[in-house]
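Undergrad: Build the 3D model from these lines:
(one chain, ligands or ions: 1)
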Amino acid sequence: MTDASLQSLVSSQTALRRTFAIISHPDAGKTTLTEKLLLYSGMVRTAGMVRGRKGGKATSSDWMAMEQERGISITASAMQFPYKGTTVNLLDTPGHQDFSEDTYRTLTAADSAVMVIDAAKGVETQTRKLFAVCRMRAIPILTFINKMDLPTRDPFDLMHEVEEVLGIKAAPLNWPIGTGREFAGVVDCRTFEVSLFKRSAQGGSSRAEITQMPLEEFKKQNLVDADVLAKLAYELELLSVAGNQFDDKSFLRGEVTPVFFGSALTNFGVEPFFDNFVALAPSPRETLAIQDDGNEVLIDPTNEHFSAFIFKIQANMNPKHRDSMAFMRVCSGRFEREMTVKHHRLNKEIRLARSYSLVAQDRNTVESAFPGDIVGVINPGAFAIGDTISEQGGFNFKGMPQFSTECVAQIRPKEVMKHKAFEKGLKQLLDEGAVQLLRSYDHPEGAPMVAAVGRLQFEVLQYRLKSEYNVETQIDVLPYQESAWLIGDPRELRKPQSAGLALDVQGRVVVLFTGAWERKFVLERNPQHQLKDFAH
Ligand code: G4P
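TA: All right, here's what the predicted structure looks like:
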C-alpha cells in the first residue's frame, strides 16, 4: 500500500470511530444501556445475554471467578461494534465494588462520555467524580436521563441539578412526553418530531416499535391524556423561552451537555439517543505529546504513522497462562499485528506479537486497528501505564495522571522472612497502578501504606500477593476516606489532628482526610495552599 493510500485509509477509518465511556453512579442503568446498545447495533439479538448480572459483595477469592463469570466487567477494556455506519468503541469503566483507579484512567482513552443519570435520584456522588475527570480532559459529555418509566423528579429540576452540581450547561435535545407509567415518547427539541414508543411483547429484550409524527399532528390525534399533553405544551413553551440552546462547538469543548430522556429497560428513547450520539460524538482528535527536544506537538490521528499509549495493565487475565496484558489506545496511523515499534521509555524497539480485542471472555486476535481503537497486547514485562509506543519515535504522550485515592491501609507481610518477596510483589503490582504507595510524612521509614480508589483493590492486592508471590499479608485499613495532593508548604498547613500527611513515591505531599468536612476545613483555613485531585 502506498503512503497516500494508507493515509486515506487511516483518515476514513478515523472519521468512523466513536470511542466513549459511560459514566454513572451504580444502579443508574449503565449495564442495561450497554446491553441495549449491543441490541440496537445488531451484535446481540436479545438483550440480557451480554454478561451475568452483578451478584452480592465480591471478595478476593471470587476475583478470578468473577472475571470469568462477568467477562470483561472487572478489567477495563473495550467492546467494538458497528452502529449505523460508524465503528463504536465502548470502553468499560468498572463501577460498584470494582471501582478503581482504572475506572478513572479509562476515561483518558475516551473521546467522549455518556453520563447516565437515574431520573428519580439525580446527580449522585460517583458521577460527580467521574465527571471531574472528563472535565480535566475537556471531553464532550452527553447526558441520558434514565428510568423515565418510573416515578421521576421534575425534568427541569434534573437539568438544573446537572448545571448546579456539575457546572456545565444542560441543553435538552429531546423532551419526555409524560413520566412514569405515562411515559409515552419523546419530542425532538430541534425538529419537533415526536417519537412514540410501544412496549415490545418480549419486554425490553427486543427493540421498541417507534411511531413518528410532527408535534402538531400528535397534538391533534389525542394519543395521550389531555393533562399529559397540556403539561408537555407548557414545558415546551418554557423551554423555548428559558432553555439553553445547544451548539456543537460548546459541546465539543465540554461546556454544554445535550440531554436525552429515556428508559433503557423498556428501550423507550434508546434509539433516538444512540442515533444522536453517533451524529454528535467526535471521532478521535489530536493528542498532545512532548517531543524529545522538549517542545509540545499535537499528533494528528490521520497521520499514517502508528502511535499509541498504554492506559491499563492487567496481569493474569487468564489463570491458565498467567500472562499480563497491556491495553493501548491507538492515537494515530494503523496498528498491525507483529509490527515493530519504538518504546519511548525503554528507548528500544519491541515487536507487538500477540494482540487481542476482547469480547466477554473471548480473545479475538486483532490484525489491524485504527485511531480510537483499543488493543490488548501480551505484556512481556515491558509496559507500564502511560508508556508511549510509536512507529517513528521521538515523542512521548503527555503523562497519565494519577487520581486521588479514597481508601488507605497499612500493609505488611505476616512472616518477616517473606519480606523480599513482599517488596518484589508489591513493586510489580504498583507498576500496574491498581494501588499507590504512600509513606508517613513524619515517619517515612515506618510500614508502607497502600492507597486505592476502591476497597476491593486491597482484597485483590492481598489475593495476588498470596497467589503469585506466596506472601500472606496483614492489612489494617486506616480511617481516611479522601485524599488530595498538597500544593504549598506542608509545615505551614493548618489541619485537624485526625487528618494525615503522607508522601507518595515521587515525594509529593498527600493530605489524608477522614471525611469531606476535613477537606473543607483545610481549604478554608489555608488560603495559601491548594489541594489537587489529579497529579501528573
Ligand atoms: P448499573 O450498571 O448502572 O449499575 O445499573 P444496571 O443497568 O445494572 O441497572 C440497575 C437496576 O436498574 C437493574 O435492576 C435494572 O434492571 C434497572 N433499570 C435499568 N434501567 C432501567 C429503566 O430504564 N427503568 C427501570 N424501571 N429499571 C431500570 P435490578 O433489579 O437491580 O437488576 P435486574 O434484576 O433487573 O437484572
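Undergrad: any idea how far A120 lies from I23?
TA: Per Cβ to Cβ, to the nearest Å, A120 is found 18 Å from I23. Placement of C-beta: from N, CA and C, glycine included.
Undergrad: That should have said T388, apologies.
TA: 26 Å.
Undergrad: quick one, which of those two is more surrounded?
TA: Using other Cβ atoms under 10 Å as the criterion, T388 and I23 rank with I23 on top: 28 against 25.
Undergrad: What values do phi and psi take at A289?
TA: phi -140, psi 160 (degrees, to the nearest 10).
Undergrad: partners of it in the sheet?
TA: Counting by DSSP bridges, A289 forms beta bridges with V297, F397.
Undergrad: what does R412 give?
TA: Assessed by DSSP bridges, R412 has beta-bridge partners Q474.
Undergrad: thinking it is in contact with L465, fair?
TA: No: at 11.0 Å, R412 and L465 do not qualify as touching, with contact defined as Cβ atoms under 8 Å.
Undergrad: Now list whatever residues contact both of those two.
TA: Common neighbours of R412 and L465, using Cβ atoms under 8 Å, 6 or more residues apart in numbering, are F422, T473.
Undergrad: Can you show me the CA trace of the host helix or strand of C331 as PDB?
TA: In this assignment (DSSP states H and E), C331 forms part of strand 324-332. This file holds the C-alpha atoms of strand 324-332, laid out as PDB (Å, rounded to 0.1, in the frame of the first residue of the first chain):
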ATOM      1  CA  SER A 324      -0.300 -10.000  31.600                       C
ATOM      2  CA  MET A 325      -2.000  -7.800  29.100                       C
ATOM      3  CA  ALA A 326      -1.300  -4.200  28.300                       C
ATOM      4  CA  PHE A 327      -4.100  -2.200  26.800                       C
ATOM      5  CA  MET A 328      -3.300   0.500  24.400                       C
ATOM      6  CA  ARG A 329      -5.300   3.200  22.700                       C
ATOM      7  CA  VAL A 330      -4.300   3.800  19.200                       C
ATOM      8  CA  CYS A 331      -3.700   7.600  18.600                       C
ATOM      9  CA  SER A 332      -2.600   7.700  15.000                       C
END
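Undergrad: so what strands line up beside the following helix or strand past that strand?
TA: Sequence-wise, the next helix or strand downstream of strand 324-332 (DSSP H and E) is strand 335-336. Strand 335-336 pairs in its sheet with strand 368-369 (antiparallel), by DSSP bridges.
Undergrad: Could you list the buried residues of stretch 163-179?
TA: Within stretch 163-179, the residues scored as buried using 16 or more other Cβ atoms under 10 Å are 163, 166, 168-179.
Undergrad: check contacts around T287.
TA: T287 neighbours (Cβ under 8 Å, 6+ apart): L298, I299, P301, S307, F309, C331, S332, F397.
Undergrad: Domain map for the protein?
TA: In terms of domains, the chain is parsed into 20-280, 287-397, 402-535 (source: automatic domain parsing).
Undergrad: of the ones you listed, which approaches the ligand most closely?
TA: When the domains of the chain are compared by Cβ to the nearest ligand atom, domain 20-280 sits nearest the ligand, at 3.2 Å.
Undergrad: what's the spacing between the closest one and its chain's center?
TA: Offset of domain 20-280 from its chain centre (Cα atoms, centre = their mean, to the nearest Å): 14 Å.
Undergrad: can you check stretch 465-485 too?
TA: 24 Å.
Undergrad: Can you report how many residues lie near P448?
TA: P448 has 19 neighbouring residues, counting by other Cβ under 10 Å.
Undergrad: That one and V435 touch, don't they?
TA: No: if you go by Cβ under 8 Å, P448 and V435 don't touch, sitting 10.4 Å apart.
Undergrad: which other residues reach the lengthiest helix in the chain?
TA: The single longest helix within the chain, with elements called by DSSP state H, is helix 226-242. By Cβ under 8 Å, 6+ apart, the residues outside helix 226-242 that reach it are P155, F156, P172, W175, I177, G178, E182, A184, V187, C189, L215, K219.
Undergrad: Can you tell me which of those end up in strands?
TA: Mapping the contacts of helix 226-242 onto strands (DSSP state E) picks out P172, W175, I177, V187.
Undergrad: Would you mind listing the two of those that lie farthest apart?
TA: Within those, P172 and I177 form the most distant pair, 12.8 Å apart (Cβ to Cβ).
Undergrad: Close to the ligand: what parts of the chain are there?
TA: Residues of the chain found near the ligand, taking Cβ under 6 Å from any ligand atom as the criterion, are 24, 26-32, 53, 95, 146-147, 149-150, 263-265.
Undergrad: Look through every helix and strand of this structure and give the one with the lowest mean pLDDT.
TA: Within the chain, no helix or strand scores below helix 63-70, which has a mean of 40 by mean pLDDT, DSSP states H and E.
Undergrad: For the closest residue to G433 other than its chain neighbours, give me its contacts.
TA: In this structure, G433 finds its nearest non-sequential neighbour in I385, 4.5 Å apart by Cβ to Cβ, 6 or more residues apart in numbering. The contact partners of I385, by Cβ under 8 Å, 6+ apart, come to R105, I310, F311, K312, I313, M400, D431, E432, G433.
Undergrad: So the second one, which state does it fall into?
TA: Using DSSP: H, G, I helix; E, B strand; the rest coil as the criterion, the local structure at I310 reads strand.
Undergrad: Identify the residue nearest it in space, chain neighbours excluded?
TA: Computed as Cβ to Cβ, 6+ apart, the closest residue to I310 that is not its neighbour in sequence is D387, at 4.5 Å.
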